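*Asks:* using only what follows, build the 3D model:
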Amino acid sequence: MHGESLYRKIVAGETGVWASPVRGLLWSAAVVYGRVIALRNGWYDRKGTTTRLPVPVISVGNLTVGGTGKTPFVIDLVRRLDALGFSPAVIARGYGATPGEPNDEQKLIQKNCPSAAYVSDPDRRRAGEVACERFGADIIVLDDGFQHRRLARDLDIVLVDATCPFGFGHVLPRGLLREPVIGLRRAHVVVLTRCNQVSRTESARIEARLRELAPDAAHLKCNHRVTTVEQLNGIEVGGGLDRKRVALFAGIAHPQSFVTTVSSLGADVVAARWFPDHHRYTRRNLQSLLQADRFPQHDFLVTTEKDAVKLAELRSLEAATIVVVRVAIDFLDDGGTMLQEILRCRCPLSPEHSRVPRLSASRDDPRNRP
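*Replies:* Prediction:
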């Protein structure tokens with residue numbers, strides 16, 4: 001078990017009594033953190049200065065740390081904006097990137113949305129300016145931006161993971177909340193993700209609580225739908241994973257959700273190897289995973305699309321038994337239509353005939369690197 005998994009078990013109360021003093025120390029630190037966040041948010045709410053870009057800005061963020069399905073949602077959002085006639089760009093801090101290289105999310109978004117620019121920079125204002133001036137973006141998607149208050153936005157979308165909606169009831173480091181749940185009142189849209197991984201009763205309970213916290217927001221629900229199961233080289237696996245014995249591996253924040261997804265395909269999960277989130281794979285890692293005696297007898301090694309983009313450079317190593325589960329956002333009820341109308345109403349710039357020539361969002365451009 002790596003450090004992230006142990007930490008999550010501690011704050012969730014899933015460990016033995018030995019962890020009680022640890023939780024006590026984490027709680028003391030959380031009190032200080034919570035007060036600092038409250039002061040910061042209070043300052044921005046009253047008189048905090050923000051920078052406004054010359055184009056609409058849509059923020060997609062989380063209330064908690066860890067995976068909420070944000071990257072598939074950003075991909076869906078960028079595609080919607082492109083279909084509406086915009087020239088979107090994604091800007092992000094570039095967390096977890098090796099200097100001079102794109103991080104996991106950038107690789108995945110650029111693979112699925114090749115026409116959209118992607119600019120990584122801890123200074124999101126500067127990143128937005130580069131996206132507009134260099135790449136001709138006429139709308140910005142601020143990835144992981146809910147707690148970033150300096151950049152003004154026209155639409156704040158917050159994703160809440162149904163399997164861990166409120167971060168075990170505490171802010172960091174005692175829980176997983178980035179800020180107190182009252183912060184949801186700033187959201188224009190709240191999206192409850194992975195609804196199919198909890199019971200209908202639990203989903204309804206969470207949704208009711210979210211409506212209390214953000215009464216003025218639009219509330220949407222979605223699942224993560226598996227689109228394909230394929231080998232690293234893109235060849236689809238005939239028959240999928242139904243009745244197959246599989247061993248999982250991934251470097252993601254919420255591995256249990258991946259287990260649930262794979263199991264829903266009819267697979268028998270016989271083993272798993274979890275790496276830290278944003279893990280950079282080495283040839284030695286892959287050789288170890290492919291050893292015949294590494295896992296119980298299995299038909300496939302299965303990983304996520306996020307991990308697969310990092311394995312591309314290691315394809316020269318024989319990896320025919322590794323397959324990738326690709327997912328997409330699947331809105332419930334009329335959520336997709338609602339989101340489409342919200343985008344039309346909240347983004348004041350009319351995109352008709354507004355496309356301008358722009359340079360390709362090339363990985364070789366230094367200003368398109370983290």
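*Asks:* tell me how far the helix or strand where V226 lies lies from the chain's centre.
*Replies:* Under the criterion of DSSP states H and E, V226 resides in strand 218-231. Offset of strand 218-231 from its chain centre (C-alpha atoms, centre = their mean, to the nearest Å): 13 Å.
*Asks:* again, but for stretch 303-319
*Replies:* Computed by C-alpha atoms, centre = their mean, the chain-centroid distance of stretch 303-319 equals 19 Å.
*Asks:* hmm, back to that, if you count contacts, what does the strand holding V226 end up packed against?
*Replies:* If contacts are counted by 3 or more C-beta pairs under 8 Å, 6 or more residues apart in numbering; DSSP states H and E, strand 218-231 sits against strand 189-193, helix 200-213, strand 322-331, helix 335-346. C-beta: built from backbone N, CA, C; applies to glycine.
*Asks:* which residues touch that strand?
*Replies:* Residues outside strand 218-231 that contact it (C-beta atoms under 8 Å, 6 or more residues apart in numbering) are 69, 72-73, 188-196, 203, 207, 210-211, 236-237, 240-241, 261, 264-265, 320, 322-333, 335, 338-339, 342.
*Asks:* how is the chain partitioned into domains?
*Replies:* The record assigns the chain these domain ranges, following automatic domain parsing: 3-46, 57-224+330-368, 226-328.
*Asks:* dump those domains to CSV, plus mean pLDDT.
*Replies:* Putting the domains of the chain into CSV (pLDDT from 0 to 100) gives the following:
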stretch, mean pLDDT
domain 3-46, 92
domain 57-224+330-368, 89
domain 226-328, 89
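*Asks:* start and end of stretch 209-228, how far apart?
*Replies:* One end of stretch 209-228 to the other measures 34 Å (C-alpha to C-alpha, to the nearest Å).
*Asks:* now swap in stretch 126-141 and tell me
*Replies:* In stretch 126-141, first residue to last residue: 14 Å (C-alpha to C-alpha).
*Asks:* in it, what counts as buried?
*Replies:* Neighbour-count burial for stretch 126-141 flags 127-132, 134-141 (criterion: 16 or more other C-beta atoms under 10 Å).
*Asks:* let's see the ChimeraX selection covering just the buried ones among the contacts of strand 218-231.
*Replies:* The ChimeraX command for the buried members of those (criterion: 16+ other C-beta under 10 Å) is given here:
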select :69,72,73,188,189,190,191,192,193,194,195,196,203,207,210,237,240,241,261,265,322,323,324,325,327,328,329,330,331,335,339,342
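*Asks:* now do the strand or helix carrying A247: everything it contacts.
*Replies:* Using DSSP H and E, A247 sits within strand 245-250. Residues outside strand 245-250 that contact it (C-beta under 8 Å, 6+ apart): 255, 258-259, 262, 267-275, 289, 294-304, 306-307.
*Asks:* take those and keep only those in strands.
*Replies:* Members of the contacts of strand 245-250 lying in strands (criterion: DSSP state E): D268, V269, V270, A271, A272, R273, W274, F300, L301, V302, T303, T304.
*Asks:* between those residues, which is closest to L6?
*Replies:* Comparing the ones in strands among the contacts of strand 245-250 against L6 with C-beta to C-beta picks out W274 as the nearest, at 11.1 Å.
*Asks:* in TSV: the ones in strands among the contacts of strand 245-250, plus distance to E313 and neighbour count.
*Replies:* Shown next, in TSV, are the ones in strands among the contacts of strand 245-250 (distance: C-beta to C-beta, whole Å; neighbours: other C-beta atoms under 10 Å):
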residue	distance to E313	neighbour count
D268	31	14
V269	27	18
V270	28	15
A271	25	15
A272	24	17
R273	20	18
W274	21	19
F300	21	20
L301	17	21
V302	20	28
T303	15	26
T304	17	24
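*Asks:* next, P21: phi, psi?
*Replies:* phi -60, psi -30 (degrees, to the nearest 10).
*Asks:* so who does it touch?
*Replies:* Contacts of P21 (C-beta under 8 Å, 6+ apart): none.
*Asks:* next, Y44: secondary structure please.
*Replies:* Recorded secondary structure, Y44: helix (DSSP: H, G, I helix; E, B strand; the rest coil).
*Asks:* ok, it to S20 distance?
*Replies:* For Y44, the distance to S20 equals 36 Å [C-beta to C-beta, to the nearest Å].
*Asks:* more neighbours: which of the two?
*Replies:* Neighbours per residue, other C-beta atoms under 10 Å: of Y44 and S20, the larger number sits with Y44, 14 against 11.
*Asks:* just checking, that one touches R149?
*Replies:* Yes - Y44 is within contact range of R149, at 4.4 Å (criterion: C-beta atoms under 8 Å).
*Asks:* who touches stretch 166-182?
*Replies:* Contact with stretch 166-182 is made by 8, 11-13, 23, 26-27, 29-30, 33-34, 37-38, 41, 62-66, 146-147, 164, 209, 213, as judged by C-beta under 8 Å, 6+ apart.
*Asks:* the same query, at a cut-off of 7 Å, please.
*Replies:* When contacts are taken as C-beta atoms under 7 Å, 6 or more residues apart in numbering, the neighbours of stretch 166-182 outside the stretch itself are 11-12, 23, 26-27, 29-30, 33-34, 37-38, 41, 62-66, 147, 164, 213.
*Asks:* quick one: contacts for the residue nearest to the spatial centre of the chain?
*Replies:* Taking C-alpha atoms, centre = their mean, the centroid of the chain lies closest to K70, which sits 2.8 Å from it. K70 makes contacts with V60, N62, D144, L159, as judged by C-beta under 7 Å, 6+ apart.
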